[in-house]
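In: need coordinates for the following:
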Amino acid sequence: MEREDVKVEVDVDKIIVEESYKGPRFEDPEEIDAAWVESLMEWQKDEKKLHKKYTVMLINKAQEIWMKDDSLVEVHIDDLEEITVCGDIHGQYYDLLNIFKINGSPSPENPYVFNGDFVDRGSFSVEVITTLLAWKVCYPQHFFMNRGNHESGNLTRMYGFEGEVKHKLDIKCYQLFT
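Out: Modelled structure (predicted):
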């Protein structure tokens, strides 16, 4: 997503999680492990959304990880290792789930590179990006995301991501994503 000159901040402590929310929770993003991400994927599979509080915390943690990395990251794999490279998910959450079903979930032994165009066009861009961010937080050295042209502000406004985020979350979350 594009970096903007103005840093968007959301006070996570002021976001109240309603008692009725039964989805995945965490107190600290360091708690995010593979089981938590799998529970997130299962929750979202039924068209339920991750609570705004946890979405904001997830975005902030992923941003923290990326800020420590160089803009160009070299990924080294041994001759006998494999890495899965995917691209152009375009908000197709069930296709993303199918990729993980066929190829296995990300792990240190099963690394992934996602080559952009995570959002727009499909109806589940929020679910796609939150899942990808969760795997990035879970396995920062084994899960990589390269920004595509559909992660730019102009295209996300034109092709639907902005509207989807505003509908499912709010404008502040959209600004955080970008």
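
In: what sits against the nearest residue to Y139 once chain neighbours are set aside?
Out: For Y139, ignoring the flanking residues on the chain, the nearest one in space by Cβ to Cβ, 6 or more residues apart in numbering is P106 at 5.5 Å. From N, CA and C alone the C-beta is placed, and that goes for glycine too. Each residue near P106 by Cβ atoms under 8 Å, 6 or more residues apart in numbering is listed here: A34, F100, Y112, W135, C138, Y139, H142, F143.

In: can you check L176 too?
Out: V8, V10, V56, I59, N60.

In: switch the cut-off to 7 Å
Out: Neighbouring residues of L176 by Cβ atoms under 7 Å, 6 or more residues apart in numbering: V8, V10, V56, I59.

In: what's the lowest-pLDDT member of those?
Out: Across those, the bottom pLDDT score, 82, is held by V8.

In: quick one, helices of this protein?
Out: Taking DSSP state H, the helices of the chain run over residues 34-45, 52-68, 93-103, 125-138, 153-159, 161-168, 171-177.

In: which one of the contacts of L176 is nearest to K45?
Out: K45 has its nearest neighbour among those in I59, at 21.0 Å by Cβ to Cβ.

In: okay, now the closest residue to C173 other than its chain neighbours: neighbour count?
Out: Nearest non-adjacent residue to C173, counting by Cβ to Cβ, 6+ apart: V165, 5.5 Å away. Counted with other Cβ atoms under 10 Å, the neighbours of V165 add up to 24.

In: would you list the phi and psi of the residue nearest to Y139?
Out: Main-chain torsions, P106, degrees, to the nearest 10: phi -60, psi 150.

In: okay, now the unreliable bits of the protein?
Out: 1-6, 149-150 (pLDDT under 70).

In: let's go with 50 and repeat that
Out: 1-4 (pLDDT under 50).

In: my read is that G116 contacts G87, right?
Out: Yes. With contacts counted by Cβ atoms under 7 Å, G116 reaches G87, the gap being 6.2 Å.

In: who has more neighbours, these two?
Out: G116 (17 against 13).

In: ok so, going back, among the contacts of L176, the buried ones, what's the ChimeraX command?
Out: In ChimeraX, this line selects whichever of these come out buried by 16 or more other Cβ atoms under 10 Å:
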select :10,56,59
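
In: take the contacts of L176 and lay them out in JSON lines including distance to P24.
Out: Putting those into JSON lines (distance: Cβ to Cβ, whole Å) gives the following:
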{"residue": "V8", "distance to P24": "23"}
{"residue": "V10", "distance to P24": "19"}
{"residue": "V56", "distance to P24": "14"}
{"residue": "I59", "distance to P24": "15"}
